[in-house]
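Visitor: Fold the following.
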Amino acid sequence: MAATTTTLVLPGDEIPASELPTGTGKRKTLKLGPGLQHIPPNTVVTTVAGALVTDNKKNVASVEFNSGRYLPYAGDLVIATVNGSAAENFNCLLTPHTPPATLPHLAFEGATKKTRPQLPQTSLVYCRVVSAGKDSSPELTCVDPATGKSEGLGLLKNGMVFKVSLGMARRLLAPKADLPLLESLGGKVGFEVTVGRNGLVHVDGGAVKTTLAIGQAIQTVDEQALGEAGQKKLAASILKNI
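Guide: A predicted model of the protein is given here:
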């Protein structure tokens with residue numbers, strides 16, 4: 001049986017305990033993600049319409065839904081834009097409609113007061129959301145709290161950033177992302193794709209022409225909802241022109 005399951009739900013639905021993960025790994029406490037609300041003592045209800053996604057291994061449940069506005073949630077991987085620097089934090093933007101986020105100067109692998117990074121305005125940083133609430137600014141980090149290592153987080157150098165829908169971002173971040181476009185291109189061209197849950201995708205294909213072609217192709221798949229055949233056709237067209 002698969003570790004991850006999906007069920008369609010509507011706002012106000014009460015989720016039976018039998019449909020929630022019980023935890024098969026080290027995490028014994030159930031973690032509720034976006035779209036779910038806990039009503040003490042033991043009731044869990046949905047707040048949006050979408051797909052209830054549960055993962056027994058991580059002991060996590062959430063509702064995936066299409067929304068035009070990103071709402072930060074603890075654990076999200078995001079691409080942040082540095083907007084300035086204060087005494088102890090970088091001020092960052094996640095989207096034009098999201099409250100400014102804080103990224104501590106010391107929230108980088110190996111950073112100290114003497115070696116903290118110097119990030120100019122408009123720098124792009126791959127981060128994880130540490131905390132987010134209605135009445136507080138989101139806090140970000142570029143290290144894994146368990147290891148103190150960057151684990152792929154940090155300053156994004158070179159490349160270009162492209163906007164995609166939140167649904168496309170979730171699709172690209174899925175453990176088994178199924179995107180024939182990237183699979184077809186990856187067999188012929190070297191490139192790196194970094195995805196933020198806030199609807200931003202950073203692409204580095206080395207050359208500007210390659211980077212632009214891949215980024216725009218991802219946007220095309222998103223906007224036109226291209227299936228496998230359409231994606232492979234698009235990939236073949238790109239490979240002829242780069």
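
Visitor: what about V129, neighbour count?
Guide: Counted with other CB atoms under 10 Å, the neighbours of V129 add up to 21. For the C-beta atoms, the positions are set from N, CA and C on the backbone; glycine is no exception.

Visitor: quick one: secondary structure of it?
Guide: Secondary structure, DSSP: H, G, I helix; E, B strand; the rest coil: V129 is strand.

Visitor: could you point out where the protein is predicted with low confidence?
Guide: Scanning the chain with the threshold set as pLDDT under 70 gives 1-6, 24-28, 66-68, 135.

Visitor: quick one, what contacts the residue positioned nearest the centre of the chain?
Guide: In the chain, the centroid-proximal residue (CA atoms, centre = their mean) is R197; its distance is 2.6 Å. Residues near R197 by CB atoms under 8 Å, 6 or more residues apart in numbering: 70, 76-78, 166, 169-170, 173.

Visitor: Adding secondary structure and neighbour count, write these out as JSON lines.
Guide: Shown next, in JSON lines, are the contacts of R197 (DSSP: H, G, I helix; E, B strand; the rest coil; neighbours: other CB atoms under 10 Å):
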{"residue": "Y70", "secondary structure": "coil", "neighbour count": "19"}
{"residue": "D76", "secondary structure": "coil", "neighbour count": "23"}
{"residue": "L77", "secondary structure": "strand", "neighbour count": "17"}
{"residue": "V78", "secondary structure": "strand", "neighbour count": "26"}
{"residue": "L166", "secondary structure": "helix", "neighbour count": "19"}
{"residue": "A169", "secondary structure": "helix", "neighbour count": "24"}
{"residue": "R170", "secondary structure": "helix", "neighbour count": "18"}
{"residue": "L173", "secondary structure": "helix", "neighbour count": "13"}
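
Visitor: quick one: the residue nearest to the centre of the chain and G154, what's the gap?
Guide: To G154, R197 is 17 Å away according to CB to CB, to the nearest Å.

Visitor: V63 too?
Guide: Look at V63 and G154: by CB to CB, they are 30 Å apart.

Visitor: Which of the two has more residues huddled nearby?
Guide: Shown here are V63 and G154; by other CB under 10 Å, V63 has more neighbours (23 against 16).

Visitor: ok, what's across the strand from the more buried one?
Guide: L52 (DSSP bridges).

Visitor: Show the contacting residues for Q216.
Guide: So Q216 contacts F162 (CB under 8 Å, 6+ apart).

Visitor: Next: the one 3 residues further on.
Guide: Shown here is Q219, whose contacts under the criterion CB under 8 Å, 6+ apart are 162-164.

Visitor: Please name the nearest non-neighbouring residue to A236.
Guide: Residue nearest to A236 in three dimensions, not counting chain neighbours: S184, with 7.3 Å by CB to CB, 6 or more residues apart in numbering.

Visitor: Equivalent analysis for A235, please.
Guide: Among residues not flanking A235 along the chain, S184 sits closest, at 3.6 Å (CB to CB, 6+ apart).

Visitor: how many neighbours does L226 have?
Guide: L226: 18 neighbours (other CB under 10 Å).

Visitor: actually L93, sorry about that
Guide: Neighbour count for L93, taken as other CB under 10 Å: 17.

Visitor: what's the answer for A236, then?
Guide: 12.

Visitor: is it true that N42 touches A17?
Guide: Yes - counting by CB atoms under 8 Å, N42 touches A17, with 7.3 Å between them.

Visitor: Looking at those two, which one has more neighbours?
Guide: Neighbour count, other CB under 10 Å: between N42 and A17, A17 has more, with 11 against 7.

Visitor: Who are the contact partners of that one?
Guide: Counted by CB under 8 Å, 6+ apart, A17 has contacts N42.

Visitor: What values do phi and psi take at it?
Guide: Torsion angles at A17 (phi, psi; degrees, to the nearest 10) stand at phi -60, psi -30.

Visitor: Thank you, goodbye.
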